[in-house]
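Enquirer: Output the structure for:
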Amino acid sequence: MSKILFISGSHGLGHVNRDIEMAKELRKIKPDTQIEWLADHPAIDVLREAGEKVLPESEKLDYGTAHVDASGKGYELNIGVHGFDLRKGQPENAKKLLASIAKGSYDLVVGDETYDLFTALHDDISKKTFKLVGIGDFIGMDPMSWNLKDRLACRVFNKIWSESMMMYLDKTFAENYIMVGLPEDIADVPFGKSGMTRRELAVKMMDFVGYIVNFEPKDYLDQKRWKDELGYGPGPLVICTIGGTAAGRDLLDLCGKSYPILKRDLPDLKMVLVCGPRLPANAIKAPEGVEVKGYVPRLYEHLAAADVVVTAGGGTTTLELTALKRPFLYFPFEHHCEQMNDVANRVQRQKAGVMMRYPQTSPEVLAQRIKENIGKKVDYPEVPLDGARKSAEIMAKYLS
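Expert: Numbering: from 1, shown residues only. Now for the predicted structure:
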């Protein structure tokens, strides 16, 4: 029997859902595999719902979800500033992770964006006494403002990032690093002192596996079926969602304000605001006629039923909508370099969705864009979705 520790080290729900899919595929290859988990809320709740074994030490970890919740005012989330503010807690987080790893005697540790652990190993590689496979979906940070915290954090983090990647050459840092996505998703710009670009370094040092969703898209292409099954009725349906944090509250407020304007031309319109696991439904004061939901399991079913979706700029939801071939408007958080650069470039390359900017969007503008895209026929290209299987095959190589 092989014993594995999965560390789902990011906020929101996109990372933990892909980690669960990898674990499912790994169990198909190695049925006797025992998997334990470390994570932060809300990922802990998703893991428990899936029947996974979450270690009690998880309750002592902090991956910054609460900080993100509080940082999204004005629909702005600068991850450079966010990372700078959390840096003091990283060594303590890493210390807890290393203690759990030592206690568990694992055959393999899988870390999904566990930058606290990666930084600790970069600073002192003697702490690596275990096999490690890392997971990520972007490389490098770009300063998005003149804020000193933002610029300093990007400089320091990029230095550690590029040096750690160079350590993959002799496998001192990690046995492998899995990139969820395609090489084209990585910016082709210089990175650190390697003499290579981010993309060149990633292709040389890492394994790209394609994308991961936790459903089979072809089962959800019949929009009418899912409208009927979920009780939405035949009228036009707009789903508005902000992902796994509370930072997108302002976007839901904007959507609600667009509803009365839309109703003038679309009297049968139904709008649903999905708050997710971190924002209570009663925190949104929506106009009469707008339905407000909290956390919605299997949200992809509701996305499949929608005539148009308004969403934050997260990588997972935009990918799901592309796979489901639904028209959508997406709002990257202002000053969020991953969403404004990496995610937006990937979505535009896939010719999917319509990118919007929150500061430039009034309720009237949003209503007009919704009307232009509601029920629009789209033909996005197919994207490779076998990333979970490929990831599991890579992990299995390091299990005896």
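Enquirer: can we go C-alpha only for contacts and neighbour counts from here?
Expert: Fine.
Enquirer: which residues in the stretch 151-300 of the chain form strands?
Expert: Secondary structure of the stretch 151-300 of the chain by DSSP state E, counting those that start in this stretch: the strands cover 176-179, 207-208, 237-241, 270-274, 291-293.
Enquirer: can you list those in JSON lines and add distance to V68?
Expert: Below are the strands of the stretch 151-300 of the chain laid out as JSON lines (distance: least, C-alpha to C-alpha, whole Å):
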{"stretch": "strand 176-179", "distance to V68": "24"}
{"stretch": "strand 207-208", "distance to V68": "28"}
{"stretch": "strand 237-241", "distance to V68": "16"}
{"stretch": "strand 270-274", "distance to V68": "18"}
{"stretch": "strand 291-293", "distance to V68": "21"}
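Enquirer: how about those strands in a markdown table, adding mean neighbour count, mean pLDDT and distance to E229?
Expert: Listed next are these as a markdown table, based on neighbours: other C-alpha atoms under 10 Å; pLDDT from 0 to 100; distance: least, C-alpha to C-alpha, whole Å:
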| stretch | mean neighbour count | mean pLDDT | distance to E229 |
| --- | --- | --- | --- |
| strand 176-179 | 24 | 95 | 36 |
| strand 207-208 | 20 | 96 | 37 |
| strand 237-241 | 24 | 98 | 14 |
| strand 270-274 | 23 | 98 | 16 |
| strand 291-293 | 17 | 97 | 17 |
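Enquirer: Relative to L324, which of these is closest?
Expert: Proximity to L324, assessed across these by C-alpha to C-alpha, is greatest for strand 237-241 (13.9 Å).
Enquirer: Run me through the strand neighbours of that closest one, direction for each.
Expert: If you go by DSSP bridges, strand 237-241 pairs up with strand 270-274 (parallel), strand 308-312 (parallel).
Enquirer: got these as a markdown table, with distance to I374 columns?
Expert: Below are these laid out as a markdown table (distance: least, C-alpha to C-alpha, whole Å):
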| stretch | distance to I374 |
| --- | --- |
| strand 270-274 | 12 |
| strand 308-312 | 5 |
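Enquirer: Out of the ones you listed, flag the one nearest Y63.
Expert: Nearest of the strands paired with strand 237-241 (C-alpha to C-alpha): strand 308-312, 20.1 Å.
Enquirer: tell me the mean pLDDT over the closest one?
Expert: Mean pLDDT, strand 308-312: 98.
Enquirer: Against which helices or strands is the helix or strand following that strand packed?
Expert: Where DSSP states H and E defines the elements, the next helix or strand beyond strand 308-312 is helix 315-324. Secondary-structure packing of helix 315-324 (3 or more C-alpha pairs under 8 Å, 6 or more residues apart in numbering; DSSP states H and E): helix 14-29, helix 299-305.
Enquirer: Any chance of CSV for the ones you listed, columns distance to G111, mean neighbour count and mean pLDDT?
Expert: Converted to CSV, those look like this (distance: least, C-alpha to C-alpha, whole Å; neighbours: other C-alpha atoms under 10 Å; pLDDT from 0 to 100):
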stretch, distance to G111, mean neighbour count, mean pLDDT
helix 14-29, 10, 19, 96
helix 299-305, 25, 23, 98
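Enquirer: Now these in TSV, please, with extra columns for distance to M340.
Expert: Shown next, in TSV, are the helices and strands packed on helix 315-324 (distance: least, C-alpha to C-alpha, whole Å):
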stretch	distance to M340
helix 14-29	17
helix 299-305	22
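Enquirer: out of these, which comes closest to M196?
Expert: Here helix 14-29 is closest among those (C-alpha to C-alpha), at 27.7 Å.
Enquirer: Provide the contact partners of that closest one at residue level.
Expert: Helix 14-29 is contacted from outside by 6, 8, 10, 33, 35, 43, 46-47, 112, 212-214, 244, 315-317, 388-389, 391-393, 395-396, using C-alpha atoms under 8 Å, 6 or more residues apart in numbering.
Enquirer: Tell me which other helices or strands the helix or strand just after that helix touches.
Expert: The helix or strand immediately downstream of helix 14-29 is strand 34-39, counting by DSSP H and E. Under the contact criterion of 3+ C-alpha pairs under 8 Å, 6+ apart, strand 34-39 touches strand 3-8, strand 53-54.
Enquirer: Just give the closest residue to K193, not the sequence neighbours.
Expert: Once flanking residues are discounted, K193 sits nearest to S162: 7.6 Å by C-alpha to C-alpha, 6 or more residues apart in numbering.
Enquirer: What does the pLDDT read for that neighbour?
Expert: Confidence at S162, expressed as pLDDT, is 89.
Enquirer: so where do the helices sit in the stretch 151-300 of the chain?
Expert: Ranges of helices in the stretch 151-300 of the chain, per DSSP state H, counting those that start in this stretch, are 198-205, 223-229, 249-265, 299-305.
Enquirer: I am finished for the moment; much appreciated.
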